[in-house]
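> sequence-free structure coming up:
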Ligand SMILES: Nc1ncnc2c1ncn2[C@@H]1O[C@H](COP(=O)(O)OP(=O)(O)OP(=O)(O)O)[C@@H](O)[C@H]1O
């Protein structure tokens, strides 16, 4: 099969390197740009065969689009491997296939705006232009989300309650509160907190009727370290908030008894409600992460030993936490070439070694593999994302 990009796209993605020019061809179900520069043909044939062998369990994208039920895809991996490019291209592909889609960045260092070449900042849903079905993007403002959590928690269980207790001479309870280490949590939020709050915020959006149209939700997540901490956070926050609320209840009944003695009216306490809501949302985030029916974590990696080792650890952690993980994208794979560029040949050999690692890695070998070629232009804007997505998501 030969793919011929439109002249416009060919210009945008003029896949030409200093010494090579490209056309498109497919091997098995993988489509590669073919370079006309001359690397030994024998070597090339070997490379094509082994890349194809390494990718024997090539993805079945049909499975990802088949259902009209809402599905969540979380793309994550090591920093800089191409998570945003893959997430944005997947979102464009879903939308063009006919699924109204929302793409969300929960990475505190957002790059969705750069990827779509559109201003998507502001923490609200922004329509992405140039796709067939509705595609909206959302970059959660981590500072705002964290502030919301801080103010809700502080009012309900943090300094606010501690001050009240101190003023009432309930120092012992204040000490108990100290044991919760809430102050620490609020002042130096652990990595992953932004993301947990961001995801819970998205859940809040999606609960409303207005957003029920979305069938595919694609998350561009923060690098691996954040993800791993994020997985344990809902449990941690659930437990912390649970303790705070229990303590708050004790204090409230104590204070209401005192107040009734002095005939003071009870005041409605919104902060507890808010904290309870946050807790419920955290529980939903935890459930969402483990829902085999609707959620999938897609690992994005590149063909280097370091990145694949990290992906293996990520996969193991996800499985240990019962997070469904079925697919692996290997991005930036050097296309086969007919040139004798020494650098390319050495680099490709190196990549082959890394690709072979996947086949023998117990954490990765059973995952469905997607390969994305390294292209020599930035994948930026909807036409480029569409083009890239058509190569990757098959
Ligand atoms: N297959 C590819 N070919 C060429 N360039 C690529 C490819 N994939 C990604 N890039 C480029 O690499 C850079 C980083 O990509 P991207 O922002 O998607 O990575 P990321 O994993 O989301 O990064 P971060 O961890 O910083 O959020 C971008 O300039 C992007 O255009």
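The structure has been received and is ready for your questions. Just so it is clear, the model here is predicted, and its values are computed rather than measured.
> Residues of the stretch 201-350 of the chain that sit close to the ligand?
Within the stretch 201-350 of the chain, the positions near the ligand by Cβ under 6 Å from any ligand atom are 223, 331-332. Placement of C-beta: from N, CA and C, glycine included.
> now do 5 Å
When proximity is defined by Cβ under 5 Å from any ligand atom, the stretch 201-350 of the chain lies next to the ligand at 331-332.
> At which residues are the strands of the stretch 201-350 of the chain located?
With DSSP state E, counting those that start in this stretch as the criterion, the stretch 201-350 of the chain has strands at 216-220, 295-301, 327-333.
> Single out the most deeply packed of the ones you listed.
Across those, the average number of neighbours (mean count of other Cβ atoms under 10 Å) peaks for strand 216-220, which reaches a mean of 27.
> what mean pLDDT does it have?
On average, the pLDDT along strand 216-220 is 93.
> Packing partners of that strand?
strand 71-77, helix 83-97, strand 101-105, helix 193-207 (3 or more Cβ pairs under 8 Å, 6 or more residues apart in numbering; DSSP states H and E).
> so can I have CSV of these showing mean pLDDT?
Formatted as CSV, these follow (pLDDT from 0 to 100):
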stretch, mean pLDDT
strand 71-77, 92
helix 83-97, 97
strand 101-105, 93
helix 193-207, 73
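> which stretch among the ones you listed comes nearest residue 132?
Proximity to residue 132 (Cβ to Cβ) singles out helix 83-97 among the helices and strands packed on strand 216-220, at 4.8 Å.
> quick one on the thing from earlier: turn the strands of the stretch 201-350 of the chain into a markdown table, including distance to residue 364.
Listed next are the strands of the stretch 201-350 of the chain as a markdown table, based on distance: least, Cβ to Cβ, whole Å:
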| stretch | distance to residue 364 |
| --- | --- |
| strand 216-220 | 21 |
| strand 295-301 | 8 |
| strand 327-333 | 6 |
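> Low-confidence ranges, the stretch 251-394 of the chain, go.
Counting by pLDDT under 70, the stretch 251-394 of the chain shows low-confidence ranges at 251-275, 278-279.
> Residue 318 is nearest to which of the strands of the stretch 201-350 of the chain?
Minimum separation from residue 318 across these (Cβ to Cβ) falls at strand 295-301, 5.5 Å.
> Neighbouring strands - and their directions - for the closest one?
Applying DSSP bridges to the sheet, strand 295-301 is found paired with strand 71-77 (parallel), strand 327-333 (parallel).
> Next one: the first one, is it in contact with the ligand?
No: contact of strand 71-77 with the ligand is not found when judged by Cβ under 5 Å from any ligand atom; the minimum separation is 6.6 Å.
> Mind listing what's buried along that strand?
71-77 (16 or more other Cβ atoms under 10 Å).
> quick one, that strand and helix 83-97 angle?
With axes from the mean of the first three to the mean of the last three Cα atoms, to 10 degrees as the basis, strand 71-77 and helix 83-97 are set at 160 degrees to each other.
> List the neighbours of strand 71-77 that are in contact with it.
For strand 71-77, contacts defined as Cβ atoms under 8 Å, 6 or more residues apart in numbering pick out 64, 83, 86-87, 90, 215-224, 227, 288-289, 291, 294-301, 307, 310-311, 314, 329.
> Tell me which residues touch the residue in the stretch 101-250 of the chain positioned nearest to the ligand, please.
Nearest to the ligand in the stretch 101-250 of the chain, going by Cβ to the nearest ligand atom, is residue 111, at a distance of 4.6 Å. Going by Cβ under 8 Å, 6+ apart, residue 111 touches 84, 105, 220.
> burial of the nearest residue to the last one once chain neighbours are set aside, as a residue count?
In other words, residue 220. For residue 220, ignoring the flanking residues on the chain, the nearest one in space by Cβ to Cβ, 6 or more residues apart in numbering is residue 87 at 3.8 Å. As a burial measure, residue 87 scores 28 neighbours (other Cβ atoms under 10 Å).
> Settle this for me: residue 87 is touching residue 216, isn't it.
No: Residue 87 is not in contact with residue 216 according to Cβ atoms under 8 Å; the separation is 11.2 Å.
> Find the nearest non-adjacent residue to residue 365, please.
Excluding its sequence neighbours, the residue lying closest to residue 365 (Cβ to Cβ, 6+ apart) is residue 359, at 5.5 Å.
> Alright, calling it a day.
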